[in-house]
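[1] pasting the sequence and the predicted model now:
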Number of protein chains: 2
Amino acid sequence: MTDKSLAKGLVEIYTGSGKGKTSAALGVVLRALGHGLRVHIIFFMKGDYPYGERNMLAQLPNASFQSFGHEHFVDPQNVKAEEREQVREALQAAREALASGEFDLVVLDEVNIAVAWKLIEVEELLTLIEEKPPSVELVLTGRYADERLIERADLVTEMVEVKHPYQKGIKARKGIEY
Amino acid sequence: MTDKSLAKGLVEIYTGSGKGKTSAALGVVLRALGHGLRVHIIFFMKGDYPYGERNMLAQLPNASFQSFGHEHFVDPQNVKAEEREQVREALQAAREALASGEFDLVVLDEVNIAVAWKLIEVEELLTLIEEKPPSVELVLTGRYADERLIERADLVTEMVEVKHPYQKGIKARKGIEY
């Protein structure tokens, strides 16, 4: 194994209700970039909200990303056709990123939520995993990870919320939570 | 609140046995840098091992770090004087970073372990927290976070190991775990 490729790419899942899922994926990205790996991130559900991490990602060598969805949060009880279409486009982008051979690490941010809210089928994601090139590391984030994804994954961490400032009425802060 | 400062800096803890603690802290760092915040990271227990993230951190604007300890892992049953001294130096560096006014976010990586293994006293860390400038966000990582730290923190996430490739005999891989 050299700095530039992974002998075997695994499937990692960061799920649970606690803060740190997307953050952990970004940390994995930073580490991978530090070893010269090529990284692509697909934001499934976050749209064009000005998340701080994207300002940085846009500046990093060997890192690229695509963003789908809109600023507002999807209401799982009332999913709009446009929202479903955005997630479908994100999934297609994920397939293309994996098939391209251009990346050593691919992150599908909030994809677990897209499955939990039935914007895409878990079978579609399982098929994507089966068809990915063996050398590509795949990271899936988002709460409510499907049991079949957990079963298939090689590494699963559940972020458990022990304490959160929301509990004290402190709102999300720019630069920290987004 | 502007992009350049935090109205109120909180204390965040990422603990637990699962993968993702340092990764989450690094993700928080990336996000903060994206908003123009100034970040300092102190690695308490990782020494000069060639972790991938440091290659990147060294290249990022407004990010700096200091590293203490040695390549090998400390044996908590047999802590050497030199190891204790390294952690004391790390703690002093943390105090100075907080007092300097030069940083908006300070990360003390693996400091929880340093407390759990009694390389430093929890009271010293609690004092450091009390004396930090109110605007500085402080992130503490490492498993076995002391109950008194959890009590004091504003945000605590426990990374629970649901599944880990070590369980299948897969060793730590460069570019992913370090």
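    Received the coordinates, thanks.
[2] remind me, longest helix of chain A?
    helix A:81-100 (DSSP state H).
[3] which secondary structure elements does that helix contact?
    strand A:39-43, strand A:63-67, strand A:105-109, helix A:111-116, helix A:122-131 (3 or more Cβ pairs under 8 Å, 6 or more residues apart in numbering or on different chains; DSSP states H and E). Using the backbone N, CA and C atoms, a C-beta is placed for each residue, glycine as well.
[4] need the longest strand for chain A.
    Identified as the longest strand of chain A according to DSSP state E is strand A:155-163.
[5] packing partners for that strand?
    Packed against strand A:155-163 by the contact rule (3+ Cβ pairs under 8 Å, 6+ apart) you find strand A:11-15, helix A:21-34, strand B:155-163.
[6] so for that strand, mean pLDDT?
    Confidence over strand A:155-163 (mean pLDDT, whole number) is 96.
[7] neighbours of the residue nearest to A:Lys8 when sequence neighbours are not counted, how many?
    Setting aside the residues directly before and after it, A:Lys8 is nearest to A:Pro134 in space (Cβ to Cβ, 6 or more residues apart in numbering or on different chains), at 6.3 Å. For A:Pro134, the neighbour count with other Cβ atoms under 10 Å in any protein chain shown is 9.
[8] distance of A:Pro134 from chain B?
    In this structure, A:Pro134 and chain B are 13 Å apart, going by Cβ to the nearest Cβ, to the nearest Å.
[9] likewise A:Val87?
    23 Å.
[10] what's the spacing between the residue positioned nearest the centre of chain A and A:Ala25?
    Centroid check for chain A by Cα atoms, centre = their mean gives A:Asp109 as the closest residue, at 1.7 Å. Distance, A:Asp109 to A:Ala25, using Cβ to Cβ, to the nearest Å: 6 Å.
[11] A:Glu131 too?
    A:Glu131 is 21 Å from A:Ala25, by Cβ to Cβ.
[12] compare the two (neighbour count), which wins?
    Neighbours per residue (other Cβ under 10 Å) separate A:Glu131 from A:Ala25, with A:Ala25 holding more: 27 against 10.
[13] hmm, A:Asp104 is touching A:Ser135, no?
    Yes - contact criterion Cβ atoms under 8 Å: A:Asp104 and A:Ser135 qualify, at 7.0 Å.
[14] so which of the two has more stuff around it?
    Neighbours were counted for A:Asp104 and for A:Ser135 using other Cβ under 10 Å; A:Asp104 has more, 24 against 14.
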